[in-house]
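Novice: Sequence unavailable; structure follows:
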Ligand SMILES: NC(=O)C1=CN([C@@H]2O[C@H](COP(=O)(O)OP(=O)(O)OC[C@H]3O[C@@H](n4cnc5c(N)ncnc54)[C@H](OP(=O)(O)O)[C@@H]3O)[C@@H](O)[C@H]2O)C=CC1
Ligand SMILES: O=C1O[C@H](COP(=O)(O)O)[C@@H](O)[C@H](O)[C@H]1O
């Protein structure tokens, strides 16, 4: 990796504190950052370098996955951080910043490689990119790269406008659009899981798969983000980006090679092949929900509309579920069910693949139908990673009665890199494999656009669900003959009992 200067817009903000500083620290501690580290933090408030470094240290103490010990290495890390005041709309601040960057490059003997990380509101992305160019900051003898945060636009039109303004200053291969779900180790593992295991590789198709369920349920509510969330909702906050990225990663075919373009072209193929939603069909395939008051972990929690900063009349969705199909020989006729919501029973990001039961169909005429449960492959992405496969076996103690057993792998090492570490590291290497290409973003907006329109014209109803539940009942009906697997029973202690519908509850013992 070539060393570079890391220029962080929004260095006084929440994301920098919670994710970016700890990620840099852990990369530094792992020796993954080559050459002298140089980080220039930016924001409007006046801070000295010392105050900024203290803020960085506080953030590490609170959010780093590793304990922070007072060592010479920690001091070296903190010394790498300097601060400059910059208002995104003031061109003269960029000229000042250029001087600062150049002085640091000369002092530390750094090549003119510059990483610009925009951890600011998306309304500033275009303006900052333009000013980087106009000020000469982007005029380097080395490389320049731009990391941008989500959300990338509010709809198809605004995303296109934003992309045009970025493209005027940066080439596509210089733009790294962060989707932190792509940095999660189990998401990065999906391709290997599918294609390095001949058993799964053979089964990864419509001949054997009955349906696929992708869930990201959260227990948190709107938290401190009312201003942003009430305008975004679950569709823009999670669905258009993270959930559709999970879909692409799950369904993409084996790339020809391992370059970013090889992988991204397969992902593009998936999102391009998702059957478009016709305006009159949106309500048939999509369910919007909003949490009502309820009970979580024995505590009463307020309705979304009673949260601070949210209007009592808000019609914003905190939950969304959709049923979709991928029109491709590999996936024809396999329904994909995707859902995400806040204030749900369990915090869990998970893909469940339900396999078909061919033997029941084939042998039904000649023999009694076996009470088979479908084989399930469960890929737990977070907060705990794991892979499990449910198979049917005979129970020798119960007259050979069939029962499902689960073969599980739960990685024991809690010290795995965080998504942001993986992604910042890749961006430093110039590897865009796990970043969203513009065309993926555009095609994702294109698919959700009819949902945005149906929401705006009131043709997509909003279903209330109690906080602490598994979401609105209407989302169960989306599945028709199937049902959502592994939802926590409403009256169970969280993360203790998993129900596989149709079979006895399986008690997951601590440490099992
Ligand atoms: N926080 C999170 O968990 C997540 C955030 N994101 C995205 O990351 C980005 C940053 O979010 P977050 O850190 O939460 O936001 P915050 O509101 O906490 O921070 C915003 C940052 O932008 C700076 N800023 C605001 N206005 C200006 C301006 N005119 N000129 C220069 N700097 C300015 C602020 O600095 P100052 O006030 O000093 O000017 C501050 O450092 C957003 O795009 C958000 O959508 C994405 C995923 C998760
Ligand atoms: O991007 C976002 O993701 C988080 C959920 O991420 P996770 O890694 O904790 O699963 C979500 O809470 C937030 O609303 C959204 O902006």
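Specialist: Yes, it's here. Because the structure is a prediction, the values reported are computed rather than measured. Ligands and ions are numbered 1, 2, ... in the order given.
Novice: and residue 171, how many neighbours?
Specialist: Residues near residue 171, counting by other C-beta atoms under 10 Å, number 11. C-beta: built from backbone N, CA, C; applies to glycine.
Novice: wait, residue 196
Specialist: When neighbours are counted by other C-beta under 10 Å, residue 196 registers 10.
Novice: which phi and psi does the residue in the stretch 151-300 of the chain positioned nearest to ligand 2 have?
Specialist: Residue nearest to ligand 2 within the stretch 151-300 of the chain: residue 237 (4.7 Å; C-beta to the nearest ligand atom). Torsion angles at residue 237 (phi, psi; degrees, to the nearest 10) stand at phi -70, psi -40.
Novice: what does residue 57 give?
Specialist: Backbone torsions of residue 57, given as degrees, to the nearest 10, read phi -60, psi -40.
Novice: surely it meets residue 78?
Specialist: Yes. At 6.1 Å, residue 57 and residue 78 qualify as touching, with contact defined as C-beta atoms under 8 Å.
Novice: Going along the chain, name the strands of the stretch 401-512 of the chain.
Specialist: 401-409, 462-466, 497-498, 506-507 (DSSP state E, counting those that start in this stretch).
Novice: which one of those strands lies closest to ligand 1?
Specialist: Nearest to ligand 1 among the strands of the stretch 401-512 of the chain is strand 462-466 (23.6 Å), distances taken as C-beta to the nearest ligand atom.
Novice: I'd like the distance between the residue in the stretch 351-500 of the chain positioned nearest to ligand 1 and residue 25.
Specialist: Relative to ligand 1, the nearest point of the stretch 351-500 of the chain is residue 420 (9.8 Å; C-beta to the nearest ligand atom). Separation of residue 420 from residue 25 (C-beta to C-beta, to the nearest Å): 11 Å.
Novice: Of the two, give the one with the bigger neighbour count.
Specialist: residue 25 (24 against 21).
Novice: Find me the pLDDT at that one, would you?
Specialist: Per-residue pLDDT puts residue 25 at 97.
Novice: got it, and residue 360?
Specialist: So residue 360 comes in at 56 (pLDDT).
Novice: Show me which residues of stretch 437-455 are buried.
Specialist: Within stretch 437-455, the residues that count as buried by 16 or more other C-beta atoms under 10 Å are 437-452, 454-455.
Novice: What of stretch 65-77?
Specialist: 68, 74, 77.
Novice: And for stretch 89-107?
Specialist: So, applying 16+ other C-beta under 10 Å, buried residues of stretch 89-107: 93, 94, 97, 98, 100, 101, 104, 105.
Novice: Distance of the closest residue to ligand 1 within the stretch 1-150 of the chain relative to residue 264?
Specialist: Ranked by C-beta to the nearest ligand atom, the top residue of the stretch 1-150 of the chain for proximity to ligand 1 is residue 13, at 2.3 Å. Separation of residue 13 from residue 264 (C-beta to C-beta): 29 Å.
Novice: More neighbours: which of those two?
Specialist: More crowded of residue 13 and residue 264, by other C-beta under 10 Å: residue 264, with 22 against 16.
Novice: Apart from its chain neighbours, what residue comes closest to that one?
Specialist: residue 437 (4.7 Å; C-beta to C-beta, 6 or more residues apart in numbering).
Novice: Show me what the strand or helix carrying residue 99 is packed against.
Specialist: In this assignment (DSSP states H and E), residue 99 forms part of helix 91-108. Applying 3 or more C-beta pairs under 8 Å, 6 or more residues apart in numbering; DSSP states H and E, we find helix 91-108 packed against strand 5-9, strand 38-43, strand 81-85, helix 125-135.
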